[in-house]
Structure formats: structure tokens, C-alpha cells
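Colleague: pasting the sequence and the predicted coordinates here, then a few questions.
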Amino acid sequence: MFGAVEAGRIPGFEYQRLALGEASYHVALGGEGPAVVLLHGYPETHYCWRGVAPALAASHTVIAPHLRGYGQTRAPRDGPDGAGYAKREMAADIVGILDSLGLERAAVVGHDRGGRVAYRMALDHPDRVERLAVLNIVPTVEQFERVSPENGLEYWPWFFLAQPPPFPEKLITAATAHYVGSVIEAWADRPEAIGADAIEHYVASFDEDAIAATCADYRASFHLDRRHDAADRSAGRRIECPVLVLWGELDRGLTSADEASEGPPESALDVWRRWADRVEGRPIAAGHFIPEEAPDELTAALEPFLQPGDESAGSSESFMQVQRRAEEDA
């Protein structure tokens with residue numbers, strides 16, 4: 001199993017261990033140029049970016065950590081409400097990584113749980129986030145509000161993993177390979193695109209400490225993150241930087257919520273435009289795991305968005321050109 005963990009490295013990238021308070025972060029670094037941070041989702045590690053990160057490294061300094069407690073990043077276990085794993089705390093850790101590397105600002109790209117850390121970073125530390133790209137998510141408070149009897153079964157992780165410890169931890173530990181493999185099989189449109197070697201790495205990375213941390217991540221969303229989001233929404237706080245929203249058009253986690261809503265379906269773009277002024281985006285032909293199911297299409301969407309330029313026009317125009325080409329090719 002240790003070999004599978006070690007195998008989960010992105011070719012051409014260097015690795016550092018950075019101490020941030022009581023946490024020890026495992027961070028992959030590659031390329032040079034403007035900084036971009038890639039934040040992975042559940043139940044994966046930074047290795048999910050292996051088809052995207054090398055291409056971005058041709059023009060950017062790419063920073064890809066394992067999230068707090070995931071994979072080889074180690075951190076203390078949580079309190080009963082997920083304290084220590086609120087996205088506010090995890091976002092502050094990413095700012096700490098930038099500080100450790102001597103970087104003032106970065107673009108941030110987050111998938112799934114990493115997307116929740118990414119947008120919280122944009123809200124809490126607007127001076128540190130140049131651009132924000134979120135994949136397959138809407139804000140946490142909105143996600144909870146979309147749950148209904150029609151789509152509730154799709155949202156089982158939000159409630160199973162948030163149960164008090166050690167209930168979910170013991171069940172996952174008893175059948176880790178089956179659990180991780182089943183999650184990937186259920187959420188992906190093309191599980192074969194992820195590959196057996198990658199799944200073996202994710203299973204090996206789900207040791208007892210990581211399982212506890214990932215449950216803490218979901219407990220924090222239930223008890224803490226949605227309250228933080230609701231307070232920001234009530235206060236009218238908005239994301240100031242340009243935002244790119246991408247979602248897998250075959251991801252049931254988002255489409256099922258739209259199908260259950262009254263009236264015309266509300267897209268992820270509709271939701272994010274309540275949180276930010278400069279929002280662009282489109283679906284990608286994939287299930288939940290966009291970085292692995294559609295790495296080339298994802299890279300093609302990210303590259304123009306991440307280029308430095310006039311935030312009020314240039315970045316949006318360049319992305320919209322890519323969007324129009326994609327629609328013409330469809």
C-alpha cells in the first residue's frame with residue numbers, strides 16, 4: 001500500500017513538506033510564471049490533476065497540495081463539529097502555503113471539496129486570489145438548500161460522513177477499497193478514465209488518519225461552513241475576482257437538484273451569479289471527476305481564463321471565445 005501512495009506523484013513536479021501550525025502539508029510544485037493553486041476533491045488527492053497540471057506548468061507556477069488531513073497532509077483530528085476543517089480554516093492554510101512560498105497572489109482552481117476551500121479563500125482573502133475557478137459545486141449553503149426527497153439519495157455523503165465519530169470512520173475503515181471504489185464508480189461517467197492505478201493510490205491514501213480527516217471535512221460543512229456562507233449571503237458579501245464555473249453535464253449531484261426544483265431548472269451559473277459579479281462558465285462532457293474524465297477539455301477551458309490581462313474584459317472575452325468554439329464543435 002505504501003508503494004501505491006508513493007506512486008501518486010505528478011511527473012516533472014517537485015515535492016515539499018510545509019509546516020503550518022499543527023498541520024504538515026504535502027505540496028507538489030512545478031513550472032514557472034503566474035501562480036495557480038489546484039485543490040482536489042473527495043475521495044482523491046492532488047494526483048487527480050496529473051492530466052492538467054503539466055500543461056498548466058508550461059506557463060504557470062503550479063501548486064497542488066493535498067488538502068488538510070487528506071493523503072499525505074497530516075493534521076490533528078477534529079472536534080465533534082469538524083472544528084479545524086471548516087473551509088475558513090482550510091482556506092487560511094492555503095494562504096499560509098502562499099506565504100511560505102513567497103507568493104502574494106494566485107489564481108485558485110478547486111474541484112469538489114477543493115472548490116469549497118477555493119471560494120472561501122476568495123471571500124475571506126480577496127487580496128490573495130487573482131481568479132477563481134470552481135468545478136462541480138455551488139456554495140455549501142445553497143447545496144444544502146437544494147436537497148429534497150427527489151434528490152436526497154444523491155446527497156448521502158453530506159449526511160453520512162457528518163455523523164458523530166466514530167460511526168462513519170469505522171464503517172469506511174472496515175471496507176476501504178470497496179468504499180472508495182464504489183464512490184468513484186457511482187460519481188464518474190467513465191470510471192475507466194480514472195484508471196486502476198489511480199484508484200489504488202486513492203485507496204492507499206485513505207488510511208485511518210485520512211478517513212478521520214475527510215469525515216471532519218463533511219462535519220464542518222454541516223455544522224460550520226453553511227453558517228459561514230449564510231452569514232456572508234445575508235451581509236451581501238461577494239466574490240470580487242473573475243469566476244469560472246465548470247460542471248460535468250453528466251454529474252448527477254448537480255443535475256438531480258435542478259430536476260427537483262420548481263419552475264425552470266437553475267444552472268450552476270445562475271447560482272454563482274448571486275455570489276459574484278464576473279461569472280462565466282459552461283458544462284463539460286464528463287461526470288463528477290472532470291480533472292480525470294476530461295483533462296484536455298478542462299485544460300482548454302482553464303488556459304485562457306488563467307492568462308493575465310484586463311480582469312474587467314480580457315479574461316472574460318478570452319474564455320467566451322473558447323466557449324463559442326466549443327458550442328460550434330458540439
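Modeller: Nice, thanks for sending it over.

Colleague: what helix or strand is Tyr15 located in?
Modeller: strand 14-20 (DSSP states H and E).

Colleague: quick check: which helices or strands does the helix or strand just after that strand pack against?
Modeller: Going down the chain from strand 14-20, the next helix or strand is strand 23-30, by DSSP H and E. Under the contact criterion of 3 or more CB pairs under 8 Å, 6 or more residues apart in numbering; DSSP states H and E, strand 23-30 touches strand 14-20, helix 53-56, strand 61-65, helix 87-100. Every C-beta, even on glycine, is put in place using the N, C-alpha and C of the backbone.

Colleague: so for stretch 138-157, first residue to last residue, what's the gap.
Modeller: Taking CA to CA, to the nearest Å as the measure, stretch 138-157 stretches 16 Å from start to finish.

Colleague: neighbouring strands for the strand holding Tyr15, and are they parallel or not?
Modeller: Strand pairing for strand 14-20, determined by DSSP bridges: strand 23-30 (antiparallel).

Colleague: then the next helix or strand after the strand it pairs with to PDB, C-alphas only?
Modeller: Later in the chain than strand 23-30, the nearest helix or strand by DSSP H and E is strand 35-39. The C-alpha atoms that make up strand 35-39 are tabulated as PDB, following Å, rounded to 0.1, in the frame of the first residue of the first chain:
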ATOM      1  CA  ALA A  35       0.900  31.200  -9.700                       C
ATOM      2  CA  VAL A  36      -2.100  28.900  -9.800                       C
ATOM      3  CA  VAL A  37      -3.200  26.600  -6.900                       C
ATOM      4  CA  LEU A  38      -5.000  23.400  -7.800                       C
ATOM      5  CA  LEU A  39      -7.200  21.900  -5.000                       C
END
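
Colleague: adjacent strands (with direction) for strand 35-39?
Modeller: Going by DSSP bridges, the partners of strand 35-39 are strand 61-65 (parallel), strand 106-111 (parallel).

Colleague: next, the angle helix 87-100 makes with the strand holding Tyr15.
Modeller: 120 degrees (axes from the mean of the first three to the mean of the last three CA atoms, to 10 degrees).

Colleague: what's the average pLDDT for strand 14-20?
Modeller: The average pLDDT for strand 14-20 rounds to 97.

Colleague: same thing with stretch 213-222?
Modeller: 97.

Colleague: again, but for stretch 139-154
Modeller: In the prediction, stretch 139-154 has an average pLDDT of 93.

Colleague: just the strands paired with strand 35-39: most buried one?
Modeller: The highest mean neighbour count among the strands paired with strand 35-39, using mean count of other CB atoms under 10 Å, belongs to strand 106-111: a mean of 28.

Colleague: tell me which helix or strand comes right after it.
Modeller: Downstream of strand 106-111, the first helix or strand assigned by DSSP H and E is helix 113-124.

Colleague: may I see the buried residues of that following helix?
Modeller: For helix 113-124, a neighbour-count test (16 or more other CB atoms under 10 Å) marks 113-124 as buried.

Colleague: let me see the residues that make contact with the helix or strand following it.
Modeller: Going down the chain from helix 113-124, the next helix or strand is strand 129-135, by DSSP H and E. Strand 129-135 has contacts (CB atoms under 8 Å, 6 or more residues apart in numbering) with 34, 41, 105-112, 115, 118-119, 121-122, 239, 241-247, 272, 276, 290-291, 298, 302, 305-306, 311, 315.

Colleague: which one of the buried residues of helix 113-124 sits closest to Ile10?
Modeller: Taking CB to CB as the measure, Gly114 is the one of these closest to Ile10, at 15.4 Å.

Colleague: how close does that closest one sit to Gly41?
Modeller: 5 Å (CB to CB, to the nearest Å).

Colleague: related to what we said a few turns ago, out of the helices and strands packed on strand 23-30, deepest packed?
Modeller: Highest mean neighbour count among those (mean count of other CB under 10 Å): strand 61-65, with a mean of 26.

Colleague: contacts for that one?
Modeller: Contacts of strand 61-65 from elsewhere in the structure, counted by CB under 8 Å, 6+ apart, are 10, 13, 25-40, 46, 49, 53, 56, 73, 94, 97-98, 101, 103, 106.

Colleague: distance to Ile137 and mean pLDDT for the strands paired with strand 35-39 - can I get that in JSON lines?
Modeller: Putting these into JSON lines (distance: least, CB to CB, whole Å; pLDDT from 0 to 100) gives the following:
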{"stretch": "strand 61-65", "distance to Ile137": "18", "mean pLDDT": "98"}
{"stretch": "strand 106-111", "distance to Ile137": "8", "mean pLDDT": "98"}
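
Colleague: redo the ones you listed as JSON lines? Include distance to Glu154.
Modeller: Converted to JSON lines, these look like this (distance: least, CB to CB, whole Å):
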{"stretch": "strand 61-65", "distance to Glu154": "28"}
{"stretch": "strand 106-111", "distance to Glu154": "18"}
